[in-house]
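A.B. asks: A predicted structure for the sequence below; I have some questions about it.
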There are 2 protein chains.
Amino acid sequence: MSKNKLVLGVDVGGTNTVFGLVDQIGKVFLIDSIPTQAENSAEHLFSRLFEKFKELSKDIKEEFELVGIGIGAPNANYYKGTVENPPNLNWGYVDIISLIKNYLAVPVALTNDANAAALGEMYYGAAKGIKDFIVITLGTGLGSGIVVNGNLVYGHDGFAGEIGHTIYDSNGRQCGCGRKGCLETYASAPGIKRTVMELIANTNLKSKLRSVSYESLDAKLITELALQGDKIALEAFDFTARVLGIKLADAVAHTSPEAIILFGGLANAGDLLLVPTKKYLEENVFHVFRNKVKILKSELNEGKSAVLGAAALIWHELNKMVVNK
Amino acid sequence: MSKNKLVLGVDVGGTNTVFGLVDQIGKVFLIDSIPTQAENSAEHLFSRLFEKFKELSKDIKEEFELVGIGIGAPNANYYKGTVENPPNLNWGYVDIISLIKNYLAVPVALTNDANAAALGEMYYGAAKGIKDFIVITLGTGLGSGIVVNGNLVYGHDGFAGEIGHTIYDSNGRQCGCGRKGCLETYASAPGIKRTVMELIANTNLKSKLRSVSYESLDAKLITELALQGDKIALEAFDFTARVLGIKLADAVAHTSPEAIILFGGLANAGDLLLVPTKKYLEENVFHVFRNKVKILKSELNEGKSAVLGAAALIWHELNKMVVNK
């Protein structure tokens, strides 16, 4: 009997690193996580990770063949296989692919989490059968993965797809990148919190949010209150969707996607965000693209999405190798 | 002796249609043009074109084999091979590829002029050896052709690459597309004329341009006066470059090109436009992309650029067919 071919998907986060064994159709055979320990080296993380993986997989090791490893990590460069000075990890510049080869002699591919999410949606989620789409990840920041004709856009340096750092208002909110008015200062979990604070300052709308501090506020609470009809919470979603819709109209003018898929914390608000984003996109998009672009919610299982994305990355590479043979 | 393999490149303009025989390395064997006669049908145009082509090529017809036809045309759809309701031609919706097959049984490919220009630069011009770049055509409007990993981005509907219709200022200048503040209302031949009028209105700068009407003004005159140190002309170039640089910074965040190539009438101003565009791009781009993107001038021979672009389009298709065999 031939062994089940599986890949290891790894998602490196600032706090935890999730990993799992996944087959080509997205069945997850094992999933677990370890603390990333951001203050320690990449070598330290992967040494602990492979130790734990070996232990967890020992009972099934006769039943599968590991055919590749896909990794989603911050500031990852697909072409070079490196992670380059990630802001939240004390790694500096690391050649991840060489590092991994010390542990396991299988193909390895590496990209950032938004690109991995895009491939996850293409293989296992909302973008199945779609060749031109954009995934927008709405979390601490706004990440994006742009797919053109079935392939991720990496650009000449491997860092393409930074829609979160296109400018909405050059006199607008201070961004962590040093500039002002980047889309992610509006459309992200902190972005909607900033909008709530602005609405508290600028309007007289009654709201339970007036009793909550910036620090104790989160996107989940804003969502809950919006669903209860809280006026500032509703207005905050409308404004977030407006900014997002306007900048997505620009994105559509670049690559003309069939769908834009919203992923991550803030996307869990569902129609509260999707419906007005679609409305503002249509109002602002060049007429050639009007009524053509779907706005969809991620269809990846939330707890497994990061591992599925990383697994899809390496399956995509393995499939290309077969085609090129 | 084997015959020279040549393609026919055709560029359909609002006034004239240029065509020429081109080999794979960009040598032009014949070039001519006929009036487009925008009020007549597409069939009428191509019937006249092929008649003239037959006549012009009769002396050399034993020496070459026609292997394909590439066509640049307004509102052209690459996937469907159609031209769809072009604003300046009385064509309606035409299936160009089927139409051409009535005359000649060779492969035909069709796209808009900006996409053809991008392939022209890739095969014969400033983008030789570059796999990720954007061509910006600065003429009556602002067209763009986006190349990712050596292929044009067409998007799901064939109409990708409309950077001229991304929004610079949603309260800004009225655009022909019905919206306000599109990039092309600033960065194009009419765009810089509008900027001159705005500067005449808003400043007290001395300028020869104060004696010229909007209608008698053109980009060439503004260029000449700028080279002579005319303050409004210089300021107009600086403002045009600023708006272009800011929006190109957004474009870079999408596809991370190695180079952006400026093409067409306004690009003939050379460093007057290129140098400040580069400066404003660098000032406004996300730091990850800083000092990475070249701003280049088209290197296609101006009189032949449209034919070379259309020829490159079909050579690109023919080369893909060979690879896929």
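C.D. replies: Okay, I see it.
A.B. asks: what about the helices in chain A?
C.D. replies: Applying DSSP state H to chain A gives helices spanning A:42-57, A:96-101, A:113-124, A:189-202, A:219-227, A:231-255, A:271-284, A:305-324.
A.B. asks: kindly export the first one (C-alpha atoms) in CSV.
C.D. replies: Below are the C-alpha coordinates for helix A:42-57, written out as CSV (Å, rounded to 0.1, in the frame of the first residue of the first chain):
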residue,chain,number,x,y,z
ALA,A,42,14.8,31.1,14.4
GLU,A,43,17.0,28.0,14.9
HIS,A,44,15.8,27.7,18.4
LEU,A,45,12.1,27.8,17.2
PHE,A,46,12.6,25.2,14.5
SER,A,47,14.6,22.9,16.7
ARG,A,48,11.8,22.8,19.2
LEU,A,49,9.2,22.6,16.4
PHE,A,50,10.7,19.5,14.8
GLU,A,51,11.2,17.8,18.1
LYS,A,52,7.6,18.2,19.0
PHE,A,53,6.5,17.2,15.5
LYS,A,54,8.6,14.0,15.6
GLU,A,55,7.1,13.1,19.0
LEU,A,56,3.5,13.8,17.8
SER,A,57,3.9,12.0,14.5
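A.B. asks: packing partners for that helix?
C.D. replies: Contacting helix A:42-57 under the criterion 3 or more CB pairs under 8 Å, 6 or more residues apart in numbering or on different chains; DSSP states H and E are the following elements: strand A:4-12, strand A:16-22, strand A:28-35, helix A:96-101. Using the backbone N, CA and C atoms, a C-beta is placed for each residue, glycine as well.
A.B. asks: who touches the first one?
C.D. replies: The list of residues contacting strand A:4-12 from outside it, by CB atoms under 8 Å, 6 or more residues apart in numbering or on different chains, reads A:17-24, A:29, A:36, A:45, A:49, A:53, A:63-74, A:83, A:89, A:113, A:116, A:306-315, A:318.
A.B. asks: what subset of those residues is buried?
C.D. replies: A:17-24, A:36, A:45, A:49, A:53, A:64, A:66-74, A:83, A:89, A:113, A:116, A:306-315, A:318 (16 or more other CB atoms under 10 Å in any protein chain shown).
A.B. asks: now the helices and strands packed on helix A:42-57 as a markdown table including distance to A:Ile260?
C.D. replies: As requested, the helices and strands packed on helix A:42-57 are exported to a markdown table (distance: least, CB to CB, whole Å):
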| stretch | distance to A:Ile260 |
| --- | --- |
| strand A:4-12 | 22 |
| strand A:16-22 | 25 |
| strand A:28-35 | 26 |
| helix A:96-101 | 29 |
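A.B. asks: which bits of the stretch 101-250 of chain A sit near chain B?
C.D. replies: Residues of the stretch 101-250 of chain A lying near chain B by CB under 8 Å from any CB of the partner chain: A:130-132, A:146, A:148-149, A:151, A:153-163, A:165-167, A:170, A:177-179, A:182, A:246, A:249-250.
A.B. asks: please repeat the previous calculation with a cut-off of 7 Å.
C.D. replies: Taking CB under 7 Å from any CB of the partner chain as the contact definition, the stretch 101-250 of chain A meets chain B at A:131-132, A:146, A:148, A:153, A:155-157, A:159-160, A:162-163, A:165-167, A:177-178, A:250.
A.B. asks: quick one on the thing from earlier: need the winner for burial among the helices of chain A.
C.D. replies: Mean neighbour count, computed with mean count of other CB atoms under 10 Å in any protein chain shown, is highest for helix A:113-124 among the helices of chain A, reaching a mean of 29.
A.B. asks: packing partners of that helix?
C.D. replies: strand A:133-138, strand A:142-148, strand A:151-152, helix A:305-324 (3 or more CB pairs under 7 Å, 6 or more residues apart in numbering or on different chains; DSSP states H and E).
A.B. asks: could you list every residue that touches whichever residue of the stretch 201-325 of chain A sits closest to chain B?
C.D. replies: Chain B sits closest to A:Ser256 of the stretch 201-325 of chain A, with a gap of 2.4 Å, by CB to the nearest CB. Residues in contact with A:Ser256 (CB atoms under 7 Å, 6 or more residues apart in numbering or on different chains) are A:132, A:289, B:155-157, B:159-160.
A.B. asks: hmm, which of those are the buried ones?
C.D. replies: Buried subset of the contacts of A:Ser256 (neighbour count, 16+ other CB under 10 Å): A:132, A:289, B:155-157, B:159-160.
A.B. asks: ok, so of these, who is nearest A:Tyr93?
C.D. replies: Comparing the buried ones among the contacts of A:Ser256 against A:Tyr93 with CB to CB picks out A:Asp132 as the nearest, at 33.3 Å.
A.B. asks: how about the closest one, phi and psi?
C.D. replies: Main-chain dihedrals, A:Asp132, degrees, to the nearest 10: phi -130, psi 110.
A.B. asks: so it sits against A:Asn151, correct?
C.D. replies: No - applying CB atoms under 7 Å, one finds A:Asp132 not in contact with A:Asn151, separated by 10.1 Å.
A.B. asks: so which of the helices and strands packed on helix A:113-124 gets nearest B:Gly139?
C.D. replies: Taking CB to CB, strand A:142-148 is the member of the helices and strands packed on helix A:113-124 nearest to B:Gly139, at 25.7 Å.
A.B. asks: setting aside sequence neighbours, what's the nearest residue to whichever residue of the stretch 1-150 of chain A sits closest to chain B?
C.D. replies: Closest to chain B within the stretch 1-150 of chain A is A:Asp132: 4.1 Å, counting by CB to the nearest CB. In space, and not counting its chain neighbours, A:Asp132 is closest to B:His156: 4.1 Å by CB to CB, 6 or more residues apart in numbering or on different chains.
A.B. asks: hang on, that neighbour packs against A:Pro257?
C.D. replies: Yes - using CB under 7 Å, B:His156 is in contact with A:Pro257, at 6.4 Å.
A.B. asks: common neighbours of these two, please.
C.D. replies: By the contact definition CB under 7 Å, 6+ apart, B:His156 and A:Pro257 are jointly contacted by A:Asp132.
A.B. asks: got a markdown table for the helices and strands packed on helix A:42-57, with mean pLDDT too?
C.D. replies: What follows is the helices and strands packed on helix A:42-57, written out as a markdown table (pLDDT from 0 to 100):
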| stretch | mean pLDDT |
| --- | --- |
| strand A:4-12 | 96 |
| strand A:16-22 | 96 |
| strand A:28-35 | 96 |
| helix A:96-101 | 94 |
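A.B. asks: among the ones you listed, which comes closest to A:Ser216?
C.D. replies: Closest of the helices and strands packed on helix A:42-57 to A:Ser216 is strand A:16-22, at 22.7 Å (criterion: CB to CB).
A.B. asks: that closest one to strand A:4-12, inter-axis angle?
C.D. replies: Calculated by axes from the mean of the first three to the mean of the last three CA atoms, to 10 degrees, strand A:16-22 forms an angle of 170 degrees with strand A:4-12.
A.B. asks: kind regards, and thank you for your time.
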